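J.: predicted structure and sequence below. I'll ask about it afterward.
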Amino acid sequence: MNRLIRPAALLLDFGGVVVATTNRPSWPQELAGELHHDLMAAGCHELTHDDIVSDLEAAAVADSHWKNAMSRPAAPVEMTAHRYWTEFVAADWPPAARAFVTAHALVLCHRQGELRQVRETRAGMGELLDAADRFGIPAAVVSNALSGSVHRDYLRNTGLDKRLALQVYSDEVGVRKPNPEMIHLAARALDVPAARTWYVGDNFDRDVLCGRRAGVGATVLMEARGTYERPYVVRAEPDAVVADPYGLRDLLTAACGRPDPGPADGA
């Protein structure tokens, strides 16, 4: 592998790169319980708890297929919270119940995001950010999200937000990866050319392809759960592959031309 350029900024995906995620199978039942209570309190009595669970599960499957499909257009836009709840969850609900979730769509997306996954900062992320600081390279999050506020809460609660120069989430800017505008927005905000950045993500069809479309200096694939489960043939290939943030730290150190004085991996 050729030595990568020294980046002027390090752009990181959230899920799979900054954090490891574990799905919570009970989330539809939990969210349905809360929503059923609220609907009943609002005078919407037609739907049972099981009805809501079924539609939440169906919406999640449909949304997953939609996300895969949105890796094909050149400039995909993001799903809005209102569209998700109005069309994907509540399309066949009674009018009053449908109006209720439409009115509360942003809050419901946030709550769904909280319940669907357990998040844990990936080992080595602190060491990676330490290395970026030593080299004077700003780090930023650039990530697809139905509710970026969930990611912001996590980063604030763990103190990682103070280590980042910027956070860009697709639901807040209206476009989603692999739309190259996601990366271009971050590069402009950091006042660096996209061609001088690294983009690091955990999948081919959204992250590697987005980096290629945006013309970044290097696309780096970080291995995570589901990395090699491509939904279809994706011709875009990364410039480098790393197993974890420790590997990315070492790649960054090599590109910047100085040894890393930090402890050895796993120390």
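T.: Looks like it arrived, so ask away.
J.: show me where pLDDT drops low in the stretch 51-200 of the chain?
T.: Across the stretch 51-200 of the chain, nothing is flagged by pLDDT under 70.
J.: give the helix, strand or coil label for residue 17.
T.: coil (DSSP: H, G, I helix; E, B strand; the rest coil).
J.: repeat for residue 228
T.: coil.
J.: need the phi and psi values for it.
T.: Note on residue 228: its backbone torsions stand at phi -100, psi 10 [degrees, to the nearest 10].
J.: equivalent analysis for residue 157, please.
T.: Residue torsions, per degrees, to the nearest 10, at residue 157 are phi -70, psi -30.
J.: from here on, count from 206
T.: Renumbered: residue one is now 206, and that last one reads residue 362.
J.: do you know how far it is from residue 319?
T.: 12 Å (Cβ to Cβ, to the nearest Å). C-beta: built from backbone N, CA, C; applies to glycine.
J.: neighbour-wise, which of the two wins?
T.: Using other Cβ atoms under 10 Å, the more surrounded residue of residue 362 and residue 319 is residue 319, with 18 against 9.
J.: and the more buried one, that's in a helix?
T.: Yes: applying three-state DSSP, one finds residue 319 inside a helix.
J.: tell me the phi and psi of the residue lying closest to residue 425 once chain neighbours are set aside?
T.: Leaving out its chain neighbours, the residue that sits closest to residue 425 by Cβ to Cβ, 6 or more residues apart in numbering is residue 405, at 4.4 Å. Backbone torsions for residue 405, taken as degrees, to the nearest 10, come to phi -120, psi 120.
J.: surely residue 405 touches residue 218?
T.: Yes: between residue 405 and residue 218 there is a contact at 6.4 Å, judged by Cβ atoms under 8 Å.
J.: which neighbours do those two share?
T.: Residues touching both residue 405 and residue 218 by Cβ atoms under 8 Å, 6 or more residues apart in numbering: 412, 427.
J.: quick one: which of those two has more around it?
T.: More crowded of residue 405 and residue 218, by other Cβ under 10 Å: residue 405, with 31 against 23.
J.: for the more buried one, what are its contacts?
T.: 215, 216, 217, 218, 222, 412, 424, 425, 426, 427, 453.
J.: element containing the second one, please.
T.: Using DSSP states H and E, residue 216 sits within strand 214-217.
J.: that strand - contacts with which helices or strands?
T.: strand 344-348, helix 386-395, strand 402-406 (3 or more Cβ pairs under 8 Å, 6 or more residues apart in numbering; DSSP states H and E).
J.: out of those, which one sits most buried?
T.: strand 402-406 (a mean of 30; mean count of other Cβ atoms under 10 Å).
J.: let's have the helices and strands packed on strand 214-217 in a markdown table, adding distance to residue 282.
T.: As requested, the helices and strands packed on strand 214-217 are exported to a markdown table (distance: least, Cβ to Cβ, whole Å):
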| stretch | distance to residue 282 |
| --- | --- |
| strand 344-348 | 16 |
| helix 386-395 | 10 |
| strand 402-406 | 19 |
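J.: all the strands of the stretch 206-355 of the chain, in order from the start?
T.: Taking DSSP state E, counting those that start in this stretch as the test, the strands found in the stretch 206-355 of the chain are 214-217, 224-228, 322-326, 344-348.
J.: what are the pairing partners of the shortest one, and which direction each?
T.: Paired strands of strand 214-217, with direction, are strand 344-348 (parallel), strand 402-406 (parallel) (DSSP bridges).
J.: circling back: among the helices and strands packed on strand 214-217, which is nearest residue 236?
T.: Of all those, strand 344-348 sits nearest to residue 236, with 21.9 Å by Cβ to Cβ.
J.: any chance you could list what contacts the closest one?
T.: Against strand 344-348 from outside (Cβ under 8 Å, 6+ apart): 214-220, 223, 333-334, 337, 356, 360, 368-375, 382, 387-388, 390-391, 394-395, 404.
J.: for PyMOL, write a command that selects the buried ones of these.
T.: In PyMOL, this line selects whichever of the contacts of strand 344-348 come out buried by 16 or more other Cβ atoms under 10 Å:
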select buried, resi 214+215+216+217+218+219+220+223+333+334+337+356+360+368+369+371+372+373+374+375+382+387+388+390+391+395+404
